[in-house]
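*Asks:* Here is my input, please return the structure:
(chains A and B)
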Number of protein chains: 2
Amino acid sequence: MRNELTVAVVGVGAVGQEMVRVLRQRRFPARELRLLARTARELEVDGERFRVGVTEDAAFAGVDVALFAGTEGEKGAAVTFAEGAIRRGAVVIDNGNDFRMDPRVPLVVPEVNAARAPENEGIVANPNCCTIPLTCVLKPLHEAAGLRRVRVATYQSLSGAGASNMQRLAETQPHELDLLMEWDFDGEEFDEETKLREETRKIMELPELPISASCIRVPVMVGHAETVWVETESPLSADDARSLLAAAPSVRLDDFPSPGKAAGLDEVLVGRIRQDPTDSNGLVLFLACDNLRKGAALNAIQIAELLLGRAAARAA
Amino acid sequence: MRNELTVAVVGVGAVGQEMVRVLRQRRFPARELRLLARTARELEVDGERFRVGVTEDAAFAGVDVALFAGTEGEKGAAVTFAEGAIRRGAVVIDNGNDFRMDPRVPLVVPEVNAARAPENEGIVANPNCCTIPLTCVLKPLHEAAGLRRVRVATYQSLSGAGASNMQRLAETQPHELDLLMEWDFDGEEFDEETKLREETRKIMELPELPISASCIRVPVMVGHAETVWVETESPLSADDARSLLAAAPSVRLDDFPSPGKAAGLDEVLVGRIRQDPTDSNGLVLFLACDNLRKGAALNAIQIAELLLGRAAARAA
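*Replies:* Predicted coordinates for the structure are as follows:
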């Protein structure tokens, strides 16, 4: 990869700050890291101080990679600014929800469908923070035994709803802690549940895969967890599933995964893999993932690395 | 009912205190309310002061109804003291786990299997705090369409693990809030998951009912929630399920049930009832229940009322 890239991070909430952190931790070859938000400000991430500029078309001049964090307050920034950024020569990776289901836009989890990333017209979409760990786990099971049905109950942390909700949790009295369901509701399900189904189908390239999701936000700061019931076409023992998952990229077996254990890790923790006692072709498992890292920032930067790796390979 | 009953409450943790509260709120006909615990102490419940005596055989002299709270610290008290209490003329209602699966002991949710309560030899068992709301909701669906399979993901509050765990949550820093799984594990599942399956089968009188449970404790003080996938033998529309549940005893429809909404209520809140998109005979729903009330103390006292009502009817 060239070491003279100019990288923009648009939105400096929970995900945007994690993007800066991950770029630094992975020594992403950025000559310049340009932080943009609705309003100019100063920002410190892991001891490094940044001046945050205002997101406007001109701010993308010279930008090679534009990472849109897509968090609240900056939501839809890609709708307004991605086209201009692309015209100025940037590749856009959007963690927002606006382009994920656009058939012209690849929706990529590098461990699952890396081949789709280069098929872009300037934008690659980063999936929802529950979809990413789910597809990392479903992929090896599908390749081995074929997915027939998936049911998912989520335990999502407050950081998935942005920095202001983390602040809200920090200020909540213990007796007022509760489960939250602050998503758009279409009369049937939350948009979060629809996203989880539709994005999983697109990434897995299984457009008819039956998926039922029930999403709940729990009073935890960072880390999403999911109980997953999987039915496969061919029988798959819990032991075989465990072996497959142990070998899967970005997946780590853990006896009892939890958000607290997953926070700060790059891998999806998976455990409690057992036969579903109600179905001979069924498995139950529990996963946990740092929703800000693999669930958002890290996956976006892996996409950037994938695109740049290809570019480097082409140039060589 | 006679108004000169002597009622003992054994264990004065979260459930024991709620038993005192519910007895007073329902104007249970107690001439004397005798609180017992491992050590003597003073206790105030809703402004009323009690002297807590030491649990010993002699303390059950003259007791008509002995409610064993079965909370931590007092666990197994019924194993030690129930027989003596019965010999002294008491009927024992045990919220602990020791007798629930004993074939000679009825395990009762009054809305589901009231007829079993009188078939006792001195002890009636009160089910697990997740089993009670689950069976209240499953019962009308089973009667209408027959249950084929049930999958449950729980969101259980800290009060279900006793007063000391409520204190622990109160002292937890916001950034340290996490999901907990502090149950015995048999290498396959938590005992909490086994209980939920076995107790539901016993109460519903469906000894082969396929049930898969995934239990998680969430950082919430009071109120348990459950996402439930139900497959029925005959098709049952979400609208019909909603009508059945609206008419079911101790069940109240709510668009978005949560532990916070359920806390302090006597009913199980049920909502988000929708077709399971993966199965034509499947439904998904979400329930929430005050685990200390209907999930424990209230159900135990309803059992007492049931037994006393019968006794009164026999005497008349």
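
*Asks:* can you pull the contacts of residue A:276?
*Replies:* Residues in contact with residue A:276 (CB atoms under 8 Å, 6 or more residues apart in numbering or on different chains) are A:229-231, A:282-284, B:151, B:212. To be clear about C-beta, it is placed using only N, CA and C from the backbone, and glycine gets the same treatment.

*Asks:* Provide the backbone phi and psi angles at it.
*Replies:* With angles defined as degrees, to the nearest 10, residue A:276 sits at phi -70, psi 110.

*Asks:* Repeat that for the one 5 residues further on.
*Replies:* According to degrees, to the nearest 10, the main-chain angles of residue A:281 amount to phi -100, psi 30.

*Asks:* Please verify my assumption that it contacts residue A:235.
*Replies:* Yes: contact status for residue A:281 versus residue A:235: in contact at 5.4 Å, counting by CB atoms under 8 Å.

*Asks:* Please enumerate the shared neighbours of those two.
*Replies:* Jointly contacting residue A:281 and residue A:235 under the rule CB under 8 Å, 6+ apart are residue A:145.

*Asks:* So which of the two has more stuff around it?
*Replies:* Of the pair residue A:281 and residue A:235, residue A:281 is the one with more neighbours under other CB atoms under 10 Å in any protein chain shown, namely 17 against 12.

*Asks:* how about low-confidence regions in chain A?
*Replies:* Within chain A, the ranges that satisfy pLDDT under 70 run A:1-3, A:71-75, A:310-316.

*Asks:* per the record, what domains does it have?
*Replies:* A:5-126+A:295-315, A:131-291 (automatic domain parsing).

*Asks:* got those as a markdown table, with distance to residue B:293 columns?
*Replies:* Converted to a markdown table, these look like this (distance: least, CB to CB, whole Å):
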| stretch | distance to residue B:293 |
| --- | --- |
| domain A:5-126+A:295-315 | 36 |
| domain A:131-291 | 16 |
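
*Asks:* what's the closest of the ones you listed to residue B:291?
*Replies:* domain A:131-291 (13.3 Å; CB to CB).

*Asks:* Would you mind measuring the gap between the ends of that closest one?
*Replies:* From its first residue to its last, domain A:131-291 covers 10 Å (CA to CA, to the nearest Å).

*Asks:* what's the answer for stretch A:70-90, then?
*Replies:* The first residue of stretch A:70-90 is 17 Å away from its last residue (CA to CA).

*Asks:* just stretch A:34-47 next, same as before
*Replies:* Using CA to CA, the end-to-end distance of stretch A:34-47 comes to 17 Å.

*Asks:* What lies in contact with that stretch?
*Replies:* Outside stretch A:34-47, the residues that touch it by CB under 8 Å, 6+ apart are A:6-12, A:16-17, A:20-21, A:24, A:49-55, A:59, A:63, A:73-74.

*Asks:* for chain B, what are the nearby residues on the stretch 101-250 of chain A?
*Replies:* By the rule CB under 8 Å from any CB of the partner chain, the part of the stretch 101-250 of chain A lying against chain B is A:149-151, A:153, A:155, A:169-170, A:172, A:174-181, A:185, A:188-189, A:197, A:210-212, A:214, A:216, A:218-221, A:223, A:225, A:227, A:229.

*Asks:* Can you show me the strands along the stretch 101-250 of chain A?
*Replies:* Ranges of strands in the stretch 101-250 of chain A, per DSSP state E, counting those that start in this stretch, are A:123-125, A:147-155, A:211-214, A:224-232.

*Asks:* Which strands and helices lie in contact with the first one?
*Replies:* When contacts are defined as 3 or more CB pairs under 8 Å, 6 or more residues apart in numbering or on different chains; DSSP states H and E, strand A:123-125 sits against helix A:77-87, strand A:91-94.

*Asks:* most packed of the ones you listed?
*Replies:* strand A:91-94 (a mean of 25; mean count of other CB atoms under 10 Å in any protein chain shown).

*Asks:* Parallel or antiparallel, list what pairs with that strand.
*Replies:* The pairing partners recorded for strand A:91-94 under DSSP bridges are strand A:65-68 (parallel), strand A:123-125 (parallel).

*Asks:* who's in contact with that strand?
*Replies:* So strand A:91-94 is contacted by A:64-68, A:70, A:78, A:82, A:85-86, A:120, A:122-126, A:300, A:303-304, A:307 (CB under 8 Å, 6+ apart).

*Asks:* and if we set it to 7 Å?
*Replies:* Here strand A:91-94 makes contact (CB atoms under 7 Å, 6 or more residues apart in numbering or on different chains) with A:65-68, A:70, A:78, A:82, A:85-86, A:122-126, A:300, A:303-304, A:307.

*Asks:* Now the buried members of those residues.
*Replies:* Using 16 or more other CB atoms under 10 Å in any protein chain shown as the burial test, those include A:65-68, A:70, A:78, A:82, A:85-86, A:122-126, A:300, A:303-304, A:307 as buried.

*Asks:* wait, what's in contact with residue A:250?
*Replies:* Contact analysis of residue A:250 by CB under 7 Å, 6+ apart lists A:111, A:136, A:266-268, A:294.

*Asks:* what's it sitting at in phi/psi?
*Replies:* Torsion angles at residue A:250 (phi, psi; degrees, to the nearest 10) stand at phi 60, psi 20.

*Asks:* The one 3 residues further on now?
*Replies:* The phi/psi pair for residue A:253 (degrees, to the nearest 10) reads phi -70, psi 140.

*Asks:* right, and it touches residue A:244 too?
*Replies:* No: with contact defined as CB atoms under 7 Å, residue A:253 does not reach residue A:244; the gap is 10.6 Å.

*Asks:* ok, which stretches of the stretch 51-200 of chain A are helices?
*Replies:* Using DSSP state H, counting those that start in this stretch, the helices found in the stretch 51-200 of chain A span residues A:77-87, A:110-113, A:131-145, A:163-170, A:191-204.

*Asks:* which of these sits most buried?
*Replies:* It is helix A:131-145: most buried of those by mean count of other CB under 10 Å, with a mean of 23.
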